[in-house]
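Q: Build me a model:
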Amino acid sequence: MTYLPDLSKLEAMDKLIHGTAAEGTIRVMAAVTTGITAEAIRRHKTSPTVSAAFGRVLTGTLLLAATFKEFDRLTVKIESSGPVEGIVAEATPVCEKPGRRSATKGRR
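A: Numbering: from 1, shown residues only. Alright, predicted model coming up:
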């Protein structure tokens, strides 16, 4: 498993924001994860298609984890019969380990 850096130490371009409206009945969240995605792509040497999927899974996992108040670890696992075979993304409260690829075939 590849360990990625804590989000607080990533480049300034990475952001996770959230807000509420209408007396708390509407909640919005947005994330820019260019830096963390680029680091994951660099470490795993993924193809463009796998990189796009990887980035989306990482971002989705971080957004989902940000909605939880208390948790030890959130794991999102996507399995596929395609060339990547699967993607696993994990988040902890300090976002220590957001993701890894499951297969070596996905580099192509």
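Q: mind showing which ranges of the chain have poor pLDDT?
A: Applying pLDDT under 70 to the chain flags the ranges 1-12, 94-108.
Q: Which parts of the protein are strands?
A: 15-21, 26-32, 74-79, 86-91, 100-101 (DSSP state E).
Q: so residue 46 touches residue 57, yeah?
A: No: taking contacts as C-beta atoms under 8 Å, residue 46 lies outside contact range of residue 57: 11.7 Å. Quick note: C-beta positions are derived from backbone N, CA and C, even for glycine.
Q: Spatially central, which residue of the protein would that be?
A: Compute the mean C-alpha point of the chain, and by C-alpha atoms, centre = their mean the closest residue is residue 58, 1.6 Å away.
Q: thought that residue was touching residue 38?
A: No: if you go by C-beta under 8 Å, residue 58 and residue 38 don't touch, sitting 10.8 Å apart.
Q: chain center to the longest helix seen in the chain, what's the gap?
A: Assignment by DSSP state H gives helix 48-66 as the longest helix of the chain. Centroid separation for helix 48-66 versus its chain: 4 Å, with C-alpha atoms, centre = their mean, to the nearest Å.
Q: Now it: buried residues?
A: Within helix 48-66, the residues that qualify as buried are 50-51, 53-55, 57-59, 61-63, 65-66, counting by 16 or more other C-beta atoms under 10 Å.
Q: quick one, that helix and strand 74-79 angle?
A: 150 degrees (axes from the mean of the first three to the mean of the last three C-alpha atoms, to 10 degrees).
Q: which strands and helices sit next to helix 48-66?
A: strand 15-21, strand 26-32, helix 34-44, strand 74-79, strand 86-91 (3 or more C-beta pairs under 8 Å, 6 or more residues apart in numbering; DSSP states H and E).
Q: With respect to burial, which of those scores highest?
A: strand 86-91 (a mean of 22; mean count of other C-beta atoms under 10 Å).
Q: how big is the angle separating that one from helix 48-66?
A: Using the same axes, to 10 degrees: strand 86-91 against helix 48-66 is 30 degrees.
Q: ok, strand 86-91: who's next to it in the sheet?
A: strand 74-79 (antiparallel), strand 100-101 (antiparallel) (DSSP bridges).
Q: That one: how far from the chain's middle?
A: 7 Å.
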